[in-house]
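Undergrad: got a structure for you, letters missing:
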């Protein structure tokens, strides 16, 4: 019987239960630096549902990943940080508000133990619950949002306040995100209203569309992210529809014309000086992936880059 | 440009928007006998979501069907009944209770006009909303439920009362179904608790498991259904997991070991003396179908058989 | 490099080009008893196209089959008959009439050499071309048609005479099939017009619906087929929509409620006293199969049963 | 019941019949500026068939799009233009020449009413029929063709003149396209004959291969398109195989090595001074898409960019 | 965070890592009655590989199952037996002989602790390793094999002795199975050689083909199984190709014409007086399943029936 | 019946058995310049198996390709070189070492006849067998490896020496590759150990990561390849995971963040002065492709570019 975090040169990666990167599955948070946690909720999804199956789909593909990151001086995330998979938050499918409460409790439980949560969503509304939990501990957070949509609408169907289209307006209203130290990157595509982008700016966010991202170049954007977050406790949310549907077909609301996975990963690999207190990868709906499951593989890879970002930050700030 | 209800020997069936069987899409209910209505809600789904896409998936495959039913004396349903497709009910995804209210209003609007609603679900919780609407007009209804599960549990996740697992308990509690004139057919598979089946009996339902269905034979079961419903205003709900997953892979909670589509259709074709005031086909989640889309085709075929049942009843009772 | 007709206990079945059952691919017909020939035409398809890819899809799955038939006294079809794969007929996609001419030439070329053609269609209109070729040699043929549809309509879109919906009316009109020695088995489902079935009877065909097939039982039906064809030169056409869509999802016009593959194979295995001069398996559209490709596997299995029928007949009539 | 062109912030996009972007489905052309029309014909397809299902597949994914275009000064195409979905042209599957005649009539009917047709193909042969209809009204047209193939071969199988490989030779011969004001962009891949590209030049077309497109850059290419078409009545045909198969796997003849969807959309978004009198998106074969349906989504997005091009041109030329 | 064996009426089944039926994942075997163990090896697969992914695929679908078995007096397998999921055996992909050794060790480790192994294969060659381990403890075993193939060939490719086609000849030769108390049920389909079936009989096995199974009926077959195994320590191996490909498309070597899942489950549910010391479900290759994953669901259901068989036996023999 | 190497403007490409580009299938090597040979072995695959089906999948998509290469002065590879498809090497699935021996014999048989083998793998371990065969004739080879992984690990599971992770260490140890004239291009992604890349350098290979490839640009890299191989007998191995999973989802171990197909093809098209004595395309696992089969199409396109490289070299060196 295989033990978790097996050496994948010794035991084949398809052996054993697929925790994230074959990490131990634990309930005791003591001593952990970071915890992988699934948020299997899709009650906020306005179009395609199915993100409830994303945590296990991402875990399944994560077994193909390896611990050392050549883009960050060959750092070994598992030697630098103590990381475990802590399973999934409970949710109440079909009950958005009740689900957000349970998710908030789960994330608060993790963060209150001094552990940085790395969450696998879930539709994008789950980020609001995560931010609520973390703001209780850290105060209003700097937010870095990779996304093809702003998700700052006011109301959605039947004037409901909570959905995947509204979390980053709610977060400002609830004073759990400081928009003046926050940035939205990757907006593109057609708009409902001419204010779809400016509404984020009006809330205080800095906004870089996909066009601006390519016009400025990755180095310049990385610089702006560092300046914007300014060393404050920061949350990174990565909506998988940030990349083009060719690279992530299995998302809830795909938007043609985005960056490639190489471009997205390069952006993440160059991030620096981010005081990361939490992050998530959201909006994967596995039933829309092909048999190659490339969306889940990319989601797992994004998660690993975020782990390396934390490992690198901890290493640098320790010195 | 193709007109609705085209003759499929003249214009190919892939031409034009796929309303149900290429019927006219109308908003005016005047003069209709029956209305096809989509109920694209999956907020009550405890496992696989995605039934929100079922109405259009069933419509797409329904274009392969033809109007005349050789099992019922070559009745032409469209000459016997005036039928239209009236589009979909609005819903609020992720908000089960609000969705049920909207669905109830939609069905009531149809039924209040003297039109029999033929609903394409939706997870099975939508049937509760339909029953509420119809009971306002007809009083407590006789219910014929084809289903591999009883759906008479009391509470589901986080003690919520409304989900696909509870509608037929709620319906008895709300006095909108008369269990003593109702019957559940097709229960099978492993159980959560030893009372999963007896809880239905305790509520007053007659229950025939899949085993009993095969032991008694279709003729005997048809006879029991007629006796049980006794000419009362009757609702037929057809959960697609009634049939084996080989015949309906795209359901929310598949249960191995069920009848074939031939056996299921034979059962429907032999039904008689049912005073049908409403019906639905539920629990199809199209993303889980293969490219052949056999679940949606079977769902459309079931719906056509129910239309023929009404047409046949009207013809017989007119005389 | 693998040689054709390899022993699949020696060389794995996935090695080498997939001819039908790994038979030799030949152009010289001399000495052959039977020839497998592909008819990759779908210009007659009124709904789903794609049968142009069926010959190679059926060949691919046929490599899983083995030469000996336990239902027919362990006859080895390849020891009894000299069989080869002769490749595909040319066709002109999008030009139905021109395609039928080419197919007729191909089949005539085979049959004129004294070889029985075993054709892999192709939409069902290709059977007309095959019958034309064979009737030139044998005169009007007895026809055994396994099919959920009659395919005896008069005209189809824009009053065209040739499509998958019309071949067996044309065949009677052209005097290439003798309807009074022919039988259609398996009709079912909803009808365009009340005459959809009776129009076949009016042409002279004997018709057994799926319901009648099950009412009478396989032995009785086998008996009727033998009596109807009466030892005359006979063509068997097997439309894959004869079986239920669960067993053959990848057909051009699926019809719910059919026999299982076990029931269909049993019917074929019990056929006897058929003077087979040609046959085909039609209407497979591989893009609609799931990854398990069960439709193509069943199509290949049906073809092998037809080969065994010929082998058995030859063996018996030789004595 | 949902009304067309619903606000997708109020009613979920999966509710109601999927017309293009939930536009009204009309038969009366009065007052329209532009009409979305499906051309469900694949009789000209030399390899993969199935484009007959493209119009409804593109419509289904188009519900995810929104009316305002940030690349063109936030123009709202539906406020600028009066647009409706007019359903599909009739066709005769398997009868290429008859189908082209019906398509020509459909497009002529639209254009004669002063409405610009936005056609969803169909294999690329349908463009010939569209050009015939429009040239009757506007005279020989300037053509902008985005395509990885030239489609200017002379004959195809069995010396047939009409197929997806020949329309742009026929169009020159029939004097319905003025090649000297026309341009083909995106040719790439291996060739049948050394003249595959030069045959277009010999006919008078300007040709930019994919290599030249990248060498020159998008701005330069946009400039050349404007100069080439010179304000003349122009038709834009977008063959989906212009983009790389990763971005559009569901095309009839994929060609590896093309632009990304971001690059293709950028090219369309920068087009200007085009006097658009008609356009189409062709060659999508939905059965070859994965469950994410990214080809159909991109096809719908391309169509919306073409609508914005017209809206922008009308706005500018009104002033 | 969810705990194993959660009540699926409280926490949704998609929450948490999918162990078999959400059982605890343990390494300590103390006190267990039965252990679910994955055998992710496909080095013996002569045609389709991929069974290495079967253990986790079956586990994923098993979360839909419930603990109580209505066919066996509502026995609750988890109250009757102490069961856990012990993860997977290590294997060496591409090295059949080395893999069999590792599997034997894994199973011996379980069985030596007095725990009955319930193994999820793996291609059918893994059963040989399991039998070796169990025979060390129990002596030669009675074998009940559900399978469409005999798997008693002598050699396979390149005269190798170990593959999915040979285990039950090897088992007799190694004296770890007593063929005179063993039975093979379900053989069908075409044969390599006329001895494919008789070779099993020659080894001492009793053989019932699929035809004989249906001729005799389930009750009679159940009776024969009980008589044949005669209370001896018995191993049940269930090759998923026993059922028809419509019910189990994702198998390594599908064989058309088998029983339905309802018939297969009925057979298992009526088994009695079996002294079960081990069992497995083999030959599932998940990549060949459709999105509905019905093969894995049926595999999990078969496993649960085998657990109930043991629970029932233990209950009866305790008395 | 179609003959091989048909003109695809005359006979549709879906007609006839799909040899590579419809080339003749031969067993006699006399007079050939190059031979397409399938290597259907996946016993070395550490994660996803299934490459045994790659040769026929690549052949199937290769029928869409055409003989003339516009990137190399419109060279017609089939007029410049005499090429045939010689079928597949035998293999022993599940027996890695025995399979490598058979593959070596197959390749040696081809190369000894003076024919350059163009092999369609197979997992990457098959390249070791090919190199062994070729080194017997040419001595130690220069190697150009396109790959996201180094495949120079020492041992894999259970200390086995032969797998897809080890061939290029073995090749150096066996002195069949000269690492000082060899280059690995495209390494990327997370690492098992910090030495994953440096271990290749330590063996003597030049290594260019994906990052370095983009930093240097294609022209510079092409130059380095030419210098490194220095006119020596050279083998090119193209692991399909070199490109991003969006362009090649169906690979055994996908790695996010790679080049596009356009970039990869451009690199191949600019290669020059390579004395090619053998090559392969490896690691395609067709079951993981979507229905569009873009991985196999790209694999076939890569193979055709390699044929053009040889054709071009022969043309140039003849002068």
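TA: Nice, thanks for sending it over. What you see is a predicted model; the values in this text were computed from it and never measured.
Undergrad: Which residues of the stretch 151-300 of chain A lie near chain D?
TA: Applying CB under 8 Å from any CB of the partner chain, we find that the stretch 151-300 of chain A lies next to chain D at A:153, A:155-158, A:165, A:189-194, A:196-197, A:209-211, A:244-246, A:249-251, A:253-254, A:256-260, A:287-290, A:295. (C-beta placed from N, C-alpha, C; glycine too.)
Undergrad: one more time with 7 Å, if that's ok
TA: Residues of the stretch 151-300 of chain A found near chain D, taking CB under 7 Å from any CB of the partner chain as the criterion, are A:153, A:156-157, A:190-194, A:197, A:244-246, A:249-250, A:253-254, A:256-258, A:287-290.
Undergrad: Tell me which helix or strand comes right after the helix or strand harbouring residue A:105.
TA: Element membership for residue A:105 (DSSP states H and E) is helix A:96-112. Once helix A:96-112 ends, the next helix or strand along the chain (criterion: DSSP H and E) is strand A:116-120.
Undergrad: Show me what that following strand is packed up against.
TA: For strand A:116-120, the elements it packs on are strand A:34-38, helix A:54-62, helix A:96-112, strand A:275-282, helix A:294-318, judged by 3 or more CB pairs under 7 Å, 6 or more residues apart in numbering or on different chains; DSSP states H and E.
Undergrad: Include distance to chain B, mean pLDDT and mean neighbour count when you put those into JSON lines, please.
TA: Below are those laid out as JSON lines (distance: least, CB to the nearest CB, whole Å; pLDDT from 0 to 100; neighbours: other CB atoms under 10 Å in any protein chain shown):
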{"stretch": "strand A:34-38", "distance to chain B": "16", "mean pLDDT": "98", "mean neighbour count": "26"}
{"stretch": "helix A:54-62", "distance to chain B": "12", "mean pLDDT": "98", "mean neighbour count": "27"}
{"stretch": "helix A:96-112", "distance to chain B": "4", "mean pLDDT": "98", "mean neighbour count": "21"}
{"stretch": "strand A:275-282", "distance to chain B": "15", "mean pLDDT": "98", "mean neighbour count": "25"}
{"stretch": "helix A:294-318", "distance to chain B": "14", "mean pLDDT": "95", "mean neighbour count": "23"}
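Undergrad: now the ones you listed in a markdown table, with distance to chain C?
TA: Written out in a markdown table, the entries for the helices and strands packed on strand A:116-120 read as follows (distance: least, CB to the nearest CB, whole Å):
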| stretch | distance to chain C |
| --- | --- |
| strand A:34-38 | 27 |
| helix A:54-62 | 18 |
| helix A:96-112 | 33 |
| strand A:275-282 | 28 |
| helix A:294-318 | 17 |
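Undergrad: got those as a markdown table, with distance to residue B:205 columns?
TA: A markdown table is the format used below for these (distance: least, CB to CB, whole Å):
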| stretch | distance to residue B:205 |
| --- | --- |
| strand A:34-38 | 38 |
| helix A:54-62 | 36 |
| helix A:96-112 | 30 |
| strand A:275-282 | 42 |
| helix A:294-318 | 42 |
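Undergrad: So for residue D:229, which of these sits nearest?
TA: Proximity to residue D:229 (CB to CB) singles out helix A:294-318 among the helices and strands packed on strand A:116-120, at 38.8 Å.
Undergrad: Taking their axis directions, that closest one and helix A:54-62 sit at what angle?
TA: Using axes from the mean of the first three to the mean of the last three CA atoms, to 10 degrees, the interaxial angle of helix A:294-318 with respect to helix A:54-62 works out to 80 degrees.
Undergrad: do helix A:294-318 and chain F meet?
TA: Yes: Helix A:294-318 comes into contact with chain F (CB under 7 Å from any CB), by way of A:294, A:297-298, A:301, A:304.
Undergrad: Any residues of chain A in contact with chain B? List them.
TA: Proximity of chain A to chain B (CB under 7 Å from any CB) is limited to residues A:42-46, A:49-50, A:52, A:92-96, A:98, A:157-158, A:160, A:163, A:287-288.
Undergrad: Which of these fall within strands?
TA: Judged by DSSP state E, the subset of the residues of chain A next to chain B located in strands is empty.
Undergrad: Can you list which of these are found in helices?
TA: For the residues of chain A next to chain B, the ones inside helices are A:96, A:98, with DSSP state H as the criterion.
Undergrad: Buried ones among the residues of chain A next to chain B?
TA: The neighbour-count test (16 or more other CB atoms under 10 Å in any protein chain shown) marks A:42-46, A:49-50, A:52, A:92-96, A:98, A:157-158, A:160, A:163, A:287-288 as buried among those.
Undergrad: which among these are in contact with chain E?
TA: Intersecting those with the contacts of chain E gives A:52, A:93, A:287 (criterion: CB under 7 Å from any CB).
Undergrad: If we ignore the residues flanking it in sequence, what's nearest the second one?
TA: Spatial nearest neighbour of residue A:93, chain neighbours left out: residue E:12 (5.8 Å); criterion: CB to CB, 6 or more residues apart in numbering or on different chains.
Undergrad: Check what pLDDT residue A:157 gets.
TA: Note for residue A:157: predicted pLDDT of 89.
Undergrad: and if you look at the one 5 residues further on?
TA: pLDDT, residue A:162: 97.
Undergrad: And residue A:10, by the same measure?
TA: Looking at residue A:10, its pLDDT stands at 82.
Undergrad: ok so it is a strand residue?
TA: No: judged by DSSP: H, G, I helix; E, B strand; the rest coil, residue A:10 forms no part of a strand; its state is coil.
Undergrad: Do I have it right that it meets residue F:157?
TA: Yes: checked against CB atoms under 7 Å, the pair residue A:10 and residue F:157 is within contact range at 6.5 Å.
Undergrad: what about residue A:33, distance to residue B:302?
TA: Here the distance between residue A:33 and residue B:302 works out to 55 Å (CB to CB, to the nearest Å).
Undergrad: ok, the nearest residue to residue A:39 once chain neighbours are set aside - contacts?
TA: Distances taken as CB to CB, 6+ apart place residue A:122 nearest to residue A:39, at 3.8 Å, with adjacent residues excluded. With contact set as CB atoms under 7 Å, 6 or more residues apart in numbering or on different chains, residue A:122 has these partners: A:39-42, A:51, A:54, A:282.
Undergrad: Pick the one among these closest to residue B:16.
TA: Distance from residue B:16 was checked for each of those by CB to CB. The minimum falls on residue A:42, at 32.8 Å.
Undergrad: pLDDT score for that closest one?
TA: With respect to pLDDT, residue A:42 has a value of 97.
Undergrad: got the contact list for it?
TA: With contact set as CB under 7 Å, 6+ apart, residue A:42 has these partners: A:49-52, A:122-123, B:49.
Undergrad: if you set the cut-off to 6 Å instead, what comes out?
TA: Residues in contact with residue A:42, defined by CB atoms under 6 Å, 6 or more residues apart in numbering or on different chains, are A:49, A:51-52, A:123.
Undergrad: Give me the nearest residue to the closest residue to chain B within the stretch 201-319 of chain A, chain neighbours excluded.
TA: When distances are taken as CB to the nearest CB, the stretch 201-319 of chain A approaches chain B most closely through residue A:287, which lies 4.2 Å from it. Using CB to CB, 6+ apart and skipping the chain neighbours, the partner closest in space to residue A:287 is residue B:287 (4.2 Å).
Undergrad: do the same with residue A:19
TA: Counting by CB to CB, 6+ apart, the nearest residue to residue A:19 once its immediate chain neighbours are dropped is residue A:85, at 4.1 Å.
Undergrad: Just give me the neighbour total for that neighbour.
TA: Applying other CB atoms under 10 Å in any protein chain shown, we find 28 residues neighbouring residue A:85.
Undergrad: Repeat that for residue A:261.
TA: Other residues within reach of residue A:261 by the criterion other CB under 10 Å amount to 26.
Undergrad: measure it to residue B:239 for me?
TA: 41 Å.
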